[in-house]
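A.B. asks: could you work out the structure for the sequence below:
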Amino acid sequence: MTKRISFITKDFPGLQKLLNDMYIEGFITGYTNLIQKSSTVNMIEIFLKYDFLGNSIYFSCKNISKPSLDAIIQLPQLKAELNNEPFALGIVRTSKLGITTTKQALKNKTGGIYLGKIK
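C.D. replies: Numbers count the residues shown, from 1 in each chain. Next comes the predicted model:
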């Protein structure tokens, strides 16, 4: 079962890559750009994932970094985070990859600023 959400967001480097990573890791069933209103504002439709009974597969979203304090995650912490919660999707901003998932950051052996987690 697929439900959709649409939202307008400012485009930022790595947005398409982040959505593609979320699709590859199975957290969304797809996404599409509906309208490009200007060079900085897009309308994006995201297809969320639900189980066969229509229940959301997501239990919580947590913002980890705050404007006043960046939460830095290094490679050993990244490995521990993935071992503790293998089905959670962490979002990390790295200097090498831009905004990506924790699994992609670990695959590329890079840490960064831990932005948030979906589980």
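A.B. asks: what stretches of the chain score poorly on pLDDT?
C.D. replies: Applying pLDDT under 70 to the chain flags residues 1-13, 34-42, 59-60.
A.B. asks: give me the beta-bridge partners of the residue nearest the centre of the chain?
C.D. replies: Centrality entry for the chain: nearest residue to the mean C-alpha point is I91, 4.8 Å, by C-alpha atoms, centre = their mean. Counting by DSSP bridges, I91 forms beta bridges with T101, G116.
A.B. asks: repeat for I46
C.D. replies: Assessed by DSSP bridges, I46 has beta-bridge partners I5, Y31.
A.B. asks: my guess is I44 contacts M22. True?
C.D. replies: No - counting by C-beta atoms under 8 Å, I44 does not reach M22; the two are 11.8 Å apart. Bear in mind the C-beta positions are built from the backbone N, C-alpha and C, glycine included.
A.B. asks: name the element L106 belongs to?
C.D. replies: Assessed by DSSP states H and E, L106 sits inside helix 102-107.
A.B. asks: just the strands in the chain please.
C.D. replies: Counting by DSSP state E, one finds strands in the chain at the ranges 2-10, 28-36, 41-49, 61-63, 72-73, 89-94, 98-101, 112-118.
A.B. asks: buried deepest among those, which one?
C.D. replies: strand 89-94 (a mean of 22; mean count of other C-beta atoms under 10 Å).
A.B. asks: got the angle for that strand vs strand 112-118?
C.D. replies: With axes from the mean of the first three to the mean of the last three C-alpha atoms, to 10 degrees applied, the angle from strand 89-94 to strand 112-118 works out at 160 degrees.
A.B. asks: pull the distance from strand 89-94 to the chain's centre.
C.D. replies: With C-alpha atoms, centre = their mean, to the nearest Å as the basis, strand 89-94 stands 7 Å off its chain's centre.
A.B. asks: who does that strand touch, helix- and strand-wise?
C.D. replies: Strand 89-94 sits against helix 75-84, strand 98-101, helix 102-107, strand 112-118, with contacts defined as 3 or more C-beta pairs under 8 Å, 6 or more residues apart in numbering; DSSP states H and E.
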